[in-house]
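# What would the 3D arrangement of this be:
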Amino acid sequence: MISAVFGWALTALHLPAGVLLGCMLAGIVLSSQEIRLGIPIPLFALAQGVIGCLMAKSLQPSTLAKVASDWPIFLGATVSMIAASAGLGWLLMRRQVFPGTTAVWGLAPGAASAMVVMAEAYGADVRLVAFMQYLRVAVVTAVAALVAHLWTSHAAPMATEVHWFAVVNAGDLGWTLLLAFGVSSMARRLRIPGGAMVVPLVLGAALQALGILVIELPPALLAVSYAVVGWSIGLRFTRTILRHALRALPAVLGSILVLMGVGVVIAVGLNQLAGHDPLTAYLASSPGGADSVAIIAATSAVDAGFVMAMQLARFLMVLVLGPRVSKFVAAQSRIDR
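Numbers count the residues shown, from 1 in each chain. Below is the predicted model:
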């Protein structure tokens, strides 16, 4: 009921990803009152599979060709964000705000759930990493949705009726569901970091580019997936975790704001050098979770393909470079002492 009220109110205000934000707020309210609820991991994986297909649908061959031609911009923007997060993590670690490499993993700008899993595997304090990651995602998601709303509200078209269960081709829907649910479940069982979203995304984009698959996603399926992602973020903020990290909260919020500032600088560069409109550039460089930013992009008047390609590129680089960066930062911290 709380989710429905928040979701309806935010959607009525024409906020992008109103369902996601409403469910996220409802989750925060409930979890902060020690009402212990949770999203089953298989259900979250299925929702991520749908979001992966949503991202793949935006990665049309023309978008992929543009990405290939602009690879230096992609590489520069991605490396800059990773370097900024590593630098902030080193600063928090040197000031002994967090132990070990916890701060590095906590600020890593990848999919939050994958970063938490990887951080635990590399010996970081998973409670603090989860707190930092999901606080970052919540703050960035809320700000990004607000920016998208304010940027487009003056030219927003009149709302049209949504046909929740509209299906153009039942066969395409069946193959899309197989890709979203079957492949994401398989990736989860194989313990591929972030695989529940990334594997359907990559496979779906490839099949779509080859003309083998047409991705069909009814609005009702997307709305349910948005809700699951929102709940999965909000319900992480238990009172225990908040109490455990309260002393570090100012430093964490400050680091998140600095990271968002770096994203704004990168967005200016994308706008000036590559000619992308400001909102597209902002969402593409936003250091939020790839799944939540994908939802905002899909519900805003932006170049969703570019946004999702940028988010995917950064996520994959964090997966590859994350362990090496954390080890390097930890070694530098020991040398400085």
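# got any ranges where the stretch 101-250 of the chain has weak pLDDT?
Per-residue confidence for the stretch 101-250 of the chain (pLDDT under 70) gives these ranges: 110-114, 116-118, 120-122, 126, 153-162, 244.
# In terms of helices and strands, where is Asn271?
helix 249-274 (DSSP states H and E).
# cool, and Asp172?
Taking DSSP H and E as the definition, one finds Asp172 inside helix 170-177.
# any idea which helix or strand comes after that helix?
helix 184-189.
# quick one: contacts of the helix holding Asp172?
With CB atoms under 8 Å, 6 or more residues apart in numbering as the test, helix 170-177 has contacts from 53, 167, 204, 213-218. C-betas here are computed from N, CA, C, even on glycine.
# and it, which residues are buried?
For helix 170-177, the neighbour count (16 or more other CB atoms under 10 Å) marks 173, 175-177 as buried.
# Same check on stretch 52-71?
52-59, 63-64, 67, 70.
# hang on, the earlier thing: most neighbours among the contacts of helix 170-177, which one?
Within those, most neighbours by other CB atoms under 10 Å means Cys53, with 30 neighbours.
# contact partners of stretch 310-317?
With contact meaning CB under 8 Å, 6+ apart, stretch 310-317 is reached by 55, 67, 74, 77-79, 81-82, 109-111, 114, 194, 198, 201, 284-285, 290, 293-294.
# Can you flag which of these belong to strands?
Residues of the contacts of stretch 310-317 located in strands (DSSP state E): none.
# Show me how to select, in ChimeraX, the buried members of the residues you listed.
Here is the ChimeraX command that selects the buried residues among those (16+ other CB under 10 Å):
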select :55,67,74,77,78,81,82,109,110,111,114,194,198,201,284,285,290,293,294
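# sorry, back to before: between the contacts of helix 170-177, which sits nearest Pro99?
Cys53 (38.9 Å; CB to CB).
# that older thread, so which bits of the helix holding Asn271 are buried?
Quick answer for helix 249-274 (16+ other CB under 10 Å): 251-252, 255-256, 258-260, 262-263, 266-267, 269-271, 274.
# Helices of the stretch 1-150 of the chain, start to end?
Taking DSSP state H, counting those that start in this stretch as the criterion, the stretch 1-150 of the chain contains helices spanning 2-12, 18-32, 41-58, 61-69, 71-94, 102-107, 112-121, 126-152.
# which helices and strands does the third one pack with?
What it means is helix 41-58. If contacts are counted by 3 or more CB pairs under 8 Å, 6 or more residues apart in numbering; DSSP states H and E, helix 41-58 sits against helix 184-189, helix 195-209, helix 219-234, helix 290-298, helix 304-336.
# orientation of that helix relative to helix 170-177 in degrees?
In terms of direction (axes from the mean of the first three to the mean of the last three CA atoms, to 10 degrees), helix 41-58 departs from helix 170-177 by 120 degrees.
# Ok, the last one next?
When the same axes, to 10 degrees is applied, the directions of helix 126-152 and helix 170-177 differ by 140 degrees.
# in helix 126-152, what counts as buried?
For helix 126-152, by 16+ other CB under 10 Å, it's 126-145, 147-149, 151-152.
# which helices and strands does it pack with?
helix 18-32, helix 102-107, helix 112-121, helix 219-234, helix 239-244, helix 249-274, helix 278-285, helix 290-298.
# ok, back up a step: would you turn the helices of the stretch 1-150 of the chain into a markdown table with distance to Ala209?
Putting the helices of the stretch 1-150 of the chain into a markdown table (distance: least, CB to CB, whole Å) gives the following:
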| stretch | distance to Ala209 |
| --- | --- |
| helix 2-12 | 33 |
| helix 18-32 | 28 |
| helix 41-58 | 9 |
| helix 61-69 | 5 |
| helix 71-94 | 17 |
| helix 102-107 | 33 |
| helix 112-121 | 25 |
| helix 126-152 | 28 |
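# Ser326 is nearest to which of those?
Relative to Ser326, the nearest member of these by CB to CB is helix 102-107, separated by 4.5 Å.
# Need the contact partners of the closest one.
Here helix 102-107 makes contact (CB under 8 Å, 6+ apart) with 85-86, 88-90, 92-93, 97-98, 115-116, 118-119, 122, 124-125, 128-129, 131-133, 136, 252, 255-256, 259, 322, 325-326, 329-330.
# what's the farthest-apart pair in the buried residues of stretch 52-71?
Pairwise distances across the buried residues of stretch 52-71 peak at 24.3 Å for Cys53 and Asp70 (criterion: CB to CB).
# Report the contact partners of Ala142.
Leu21.
# CA atoms of stretch 288-300 as CSV?
Taking C-alpha atoms only, stretch 288-300 is exported to CSV below (Å, rounded to 0.1, in the frame of the first residue of the first chain):
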residue,chain,number,x,y,z
GLY,A,288,24.4,5.5,-9.9
GLY,A,289,23.4,1.8,-10.3
ALA,A,290,23.2,0.9,-14.0
ASP,A,291,19.8,-0.6,-13.5
SER,A,292,18.2,2.4,-11.8
VAL,A,293,19.8,4.9,-14.3
ALA,A,294,18.5,2.7,-17.2
ILE,A,295,15.0,3.0,-15.8
ILE,A,296,15.3,6.8,-15.6
ALA,A,297,16.7,7.0,-19.1
ALA,A,298,13.9,4.7,-20.5
THR,A,299,11.3,7.0,-19.0
SER,A,300,12.9,10.3,-20.1
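# Brilliant, that's me finished.
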